[in-house]
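J.: pasted the sequence and its predicted model underneath.
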Amino acid sequence: MSCAPLHSRRRAPGVAAPVALVVVAAMLMPGCEQPGAPEPAQASQAVSVVRAEAVETAVTSVVPGIVRPVRRARMSTRQAGHVDRVLVKAGDAVAAGQEILRVDARDLEAAREAAMRQLEAAREAREQAVLNRERFRRLYARSLVAKVQLEERELQAERAAGVLERARAELESIEINLDYAVIQAPFDGVVSEVLAETGTFAAPGVPLVILEDRSQLEVDAGIDQEAAARVTPGDRLQMRVVGHDGAVSGRVVAVLSALRDTGVGLRLRLAIESPPAGISPGMVAEIRLPAGEPAAQAVSVPAEAVLRRGQLDGLFVVAEDDAGQLRAQLRWISLATGRDLAERVVVTRGLRAGERVVIGDAVGQLADAQAVTVAR
C-alpha cells in the first residue's frame with residue numbers, strides 16, 4: 001500500500017489533537033512500503049551434471065499378485081471339548097511335533113484307564129484259558145478226559161483270545177482320540193492365527209490354529225490368455241513386492257484355471273525359493289510380464305539423479321533460458337519398472353537422450369527454475 005502524508009488541521013491554541021488520530025497514525029506509519037520493491041533473487045548454485053544415454057528396453061506389462069505360503073495348515077480336532085490350554089500366539093515360530101493346543105479330555109483319560117484295566121483282565125483270562133487247554137491236552141493224551149472236554153477248553157481259549165484283541169483295539173481307539181485332543185505342529189512354520197482361547201468349545205473340524213510354512217512362498221496372479229501364452233513353466237520373472245526393497249525373481253510353476261462360481265480367467269503361479277527376509281504372506285507383488293511388443297527407445301541416468309516426492313519421480317534438467325542463463329528445471333518422468341542397470345535407472349517418458357541432468361547432493365537442495373553453474 002502507498003502512504004499519503006498526514007496533515008493536521010489548524011486548531012485553536014490549547015486544543016489537543018484527538019487521541020484516536022494519533023493512534024491510527026502510529027499504526028499506519030510502520031506498515032508503509034515503497035511500491036515495486038524487488039524481491040531478493042535466488043542465489044546460483046554449482047551442480048554436477050551427466051547426459052542421459054539412449055538404451056533399448058523391452059515393453060512389459062505389470063500384473064498384481066498375492067504372496068502365499070506353499071504350505072498352510074488349518075488345524076482342528078475331531079475330539080469335541082473345551083480348549084484347556086493354548087500354548088502359542090500369533091507370530092510364534094514352532095517346530096514340527098511341538099504342542100500348540102490342548103483340548104480338555106478328562107473323559108477320554110478315564111476311559112483309557114478303564115480300558116487298560118479291561119485289557120489286563122483279558123490278558124490274564126487268556127493266559128488262564130491257554131493253561132487250561134494245555135492241561136486238558138495232556139490229560140486227553142493219557143485218556144483221562146473225554147474229547148468233548150478238551151474241545152470245550154480249546155473253545156474257551158479262542159474266546160479269551162478274541163476278548164483280548166477287542167480290549168486291545170478299544171484301548172488303541174481311545175488313545176488315538178486322545179492324540180486328537182493335543183494339536184501338534186505338522187511341520188516347521190509360523191503361527192499365522194490363533195482362532196480359539198482357553199475355555200472355547202472346540203467342535204470337530206472347526207479350525208483352531210492356522211500354521212504357515214514361510215520357508216517357501218508362491219505368488220498367484222490373474223492373467224489373460226494372451227499373457228499366459230507368453231510364459232512357460234520354468235521361466236523366471238521379475239517382480240516387486242510392495243513394502244520390500246529390492247527386486248525379487250520367481251519361477252513359473254504353472255498357469256492354472258481360475259474359474260469361480262461367477263467368473264472366468266487364468267491364474268499364474270510363481271514359486272519364490274529361499275524368499276528374502278521381510279517378505280511374508282499377504283503382501284502384494286507386482287509381476288512384470290513380457291508384453292510381446294518390439295523394444296522401445298528409452299534413456300538411462302544414474303539412480304542418484306532421481307528426485308522422489310510421494311508417488312512421483314522427477315529430475316532436474318539443466319538448460320539455458322531466453323537470457324542465456326543456465327537453470328535447473330524440475331521435470332516429472334516415468335521410470336521403467338524393475339529395469340535397473342547396475343546403479344542406473346531407465347526413463348521411459350519425460351527425458352531425451354543427450355539432455356543434462358543434475359546428480360549428487362544438489363538434487364535435494366534445488367528449487368525449480370533455480371539458476372545454476374555446471375561444475376563438470
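T.: Here it is on my side, so go on.

J.: moving C-terminal of the lengthiest helix in the chain, what's the next helix or strand?
T.: Looking across the chain with DSSP state H, the single longest helix is helix 106-141. Proceeding N to C from helix 106-141, the next assigned helix or strand is helix 147-180, under DSSP states H and E.

J.: could you give me the average pLDDT of the helix or strand just after that following helix?
T.: Where DSSP H and E defines the elements, the next helix or strand beyond helix 147-180 is strand 182-184. In this model, strand 182-184 has a mean pLDDT of 89.

J.: for strand 182-184, packing partners?
T.: Using 3 or more CB pairs under 8 Å, 6 or more residues apart in numbering; DSSP states H and E, the elements in contact with strand 182-184 are strand 99-103. Any C-beta I mention is one placed from the backbone N, CA and C, and that applies to glycine too.

J.: the strand it packs on: which residues count as buried?
T.: Using 16 or more other CB atoms under 10 Å as the burial criterion, the residues of strand 99-103 that qualify are 100-103.

J.: go ahead and name everything in contact with it.
T.: Strand 99-103 has contacts (CB atoms under 8 Å, 6 or more residues apart in numbering) with 75, 77, 79, 81-88, 94, 180-185, 191, 196, 202, 208-209, 211.

J.: try 10 Å
T.: Strand 99-103 is contacted from outside by 75-77, 79-88, 92, 94, 178, 180-186, 191, 194-196, 198, 200-202, 208-209, 211, using CB atoms under 10 Å, 6 or more residues apart in numbering.

J.: now stretch 355-365
T.: With CB under 10 Å, 6+ apart, stretch 355-365 has contacts from 45-52, 299, 301-308, 314-319, 326, 328-331, 333, 347, 351, 366, 370, 372, 374-376.

J.: just the buried ones from the residues you listed?
T.: Applying 16+ other CB under 10 Å to the contacts of stretch 355-365, the neighbour count classes 45, 47-50, 52, 299, 301, 304-307, 314-318, 326, 328, 330-331, 333, 347, 351, 366, 370, 372 as buried.

J.: now, those that are in strands?
T.: 45, 47-50, 299, 301, 307, 314-318, 326, 328, 330-331, 333, 347, 370, 372 (DSSP state E).

J.: any idea which helix or strand of this protein has the worst average confidence?
T.: helix 19-28 (a mean of 40; mean pLDDT, DSSP states H and E).

J.: domain ranges for this structure?
T.: 46-57+295-374, 62-70+213-290, 106-180 (automatic domain parsing).

J.: what is the end-to-end distance of the longest one?
T.: Read it as domain 46-57+295-374. Using CA to CA, to the nearest Å, the end-to-end distance of domain 46-57+295-374 comes out at 6 Å.

J.: do the same with the shortest one
T.: The separation between the terminal residues of domain 106-180, taken as CA to CA, is 13 Å.

J.: and it, how far from the chain's centre?
T.: 59 Å (CA atoms, centre = their mean, to the nearest Å).

J.: again, but for the longest one
T.: Offset of domain 46-57+295-374 from its chain centre (CA atoms, centre = their mean): 33 Å.

J.: residue ranges with poor pLDDT in the stretch 51-200 of the chain?
T.: Applying pLDDT under 70 to the stretch 51-200 of the chain flags residues 57-60.
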